[in-house]
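> no sequence for this one, just the structure:
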């Protein structure tokens, strides 16, 4: 049976508040992804932040339990329980769209675990490896470095707010408010950092 859980005014990074929607029905997922696609068509930078949380199994057997998607603060963060629903073709096609730039932080493990469910993300960028603006001046390079420091500070902060035991419950329902807050902050912060790095690169090219 399908369900929709919606959470309003979830605090993400700084003063930013988001809505978070959790769905497990293929038709609902297709409808929501169409909203994402309409939004992305109007964006110059077609950025989709993507993150995974895993099932509570031995590391070598991990599979995605929860997909997290974010395309900016004006759109809801989407949580998709892959451990519950069957394969959604619309979702597969969305991940394979080469027009979008999918970003994540330290994505090596995510890519491996996506292979466990025969999923592949086209144009998948690792912020941890790509955030540095190597061709920029020192001043612009520092802007990117600041973004990188924000990631580090953010992760250190999050370690204090969600326990190892809670990390084992991503495949369980319902998710707690602490889980939802973690997801919103995790997903939006990575999106915002890559957006800022992209704007920095674009500005540098325009000034060259």
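Yep, it's here. In this text the structure is predicted, and so the values were computed from the model without any measurement.
> ok, the residue nearest to the spatial centre of the chain to residue 184 distance?
Centroid-nearest residue in the chain, with CA atoms, centre = their mean: residue 50, separated by 3.0 Å. Remark: distance between residue 50 and residue 184 (CB to CB, to the nearest Å) = 14 Å. (Glycine included, C-beta is placed from N, CA and C.)
> same question, residue 119
Separation of residue 119 from residue 184 (CB to CB): 23 Å.
> With neighbour numbers in mind, choose between the two.
residue 184 (25 against 18; other CB atoms under 10 Å).
> could you list every residue that touches that one?
By CB atoms under 8 Å, 6 or more residues apart in numbering, residue 184 lies in contact with 7, 10-12, 18, 20, 77.
> returning to that earlier point: surely the residue nearest to the centre of the chain and residue 103 touch.
Yes - with contacts counted by CB atoms under 8 Å, residue 50 reaches residue 103, the gap being 7.1 Å.
> Find residues that contact each of the two.
residue 124.
> now residue 75, nearest residue through space, not along the chain?
Leaving aside its chain neighbours, residue 75 sits nearest to residue 39 (5.5 Å; criterion: CB to CB, 6 or more residues apart in numbering).
> you'd agree that neighbour is in a helix?
Yes - assigned with DSSP: H, G, I helix; E, B strand; the rest coil, residue 39 falls within a helix.
> Next one, pLDDT for it please.
pLDDT for residue 39: 96.
> list the contacts for it?
Counted by CB under 8 Å, 6+ apart, residue 39 has contacts 71-72, 74-75.
> Ok, residue 64 next?
52-55, 82-83, 110, 113-114, 116-117, 119.
> Restricted to helices, list the residues you listed.
The helices, defined by DSSP state H, take in 110, 113-114 from those.
> Closest one of these to residue 170?
Closest to residue 170 out of the ones in helices among the contacts of residue 64 is residue 113 (12.2 Å), distances taken as CB to CB.
> okay but the closest one is in contact with residue 54, surely?
Yes - using CB under 8 Å, residue 113 is in contact with residue 54, at 6.4 Å.
> Have a look at the chain and report its longest helix.
Identified as the longest helix of the chain according to DSSP H is helix 177-207.
> per-residue confidence averaged over stretch 165-179?
For stretch 165-179, mean pLDDT rounds to 79.
> Other residues contacting it?
By CB under 8 Å, 6+ apart, the list of residues contacting stretch 165-179 from outside reads 5, 7, 22, 53-56, 65-66, 79, 81, 83, 161-162, 183.
> if we go to 7 Å?
5, 22, 53-56, 65-66, 83, 161-162 (CB atoms under 7 Å, 6 or more residues apart in numbering).
> Put the buried members of those residues into a PyMOL selection.
Selecting only the buried entries of the contacts of stretch 165-179 in PyMOL, with 16 or more other CB atoms under 10 Å as the criterion:
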select buried, resi 22+53+54+55+65+66+83+162
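> wait, which of the contacts of stretch 165-179 is closest to residue 28?
Nearest to residue 28 among the contacts of stretch 165-179, with distances taken as CB to CB, is residue 22, at 10.2 Å.
> The one helix or strand that closest one maps to pairs with which strands?
Following DSSP states H and E, the helix or strand that holds residue 22 is strand 17-23. Applying DSSP bridges to the sheet, strand 17-23 is found paired with strand 4-11 (antiparallel), strand 77-80 (parallel).
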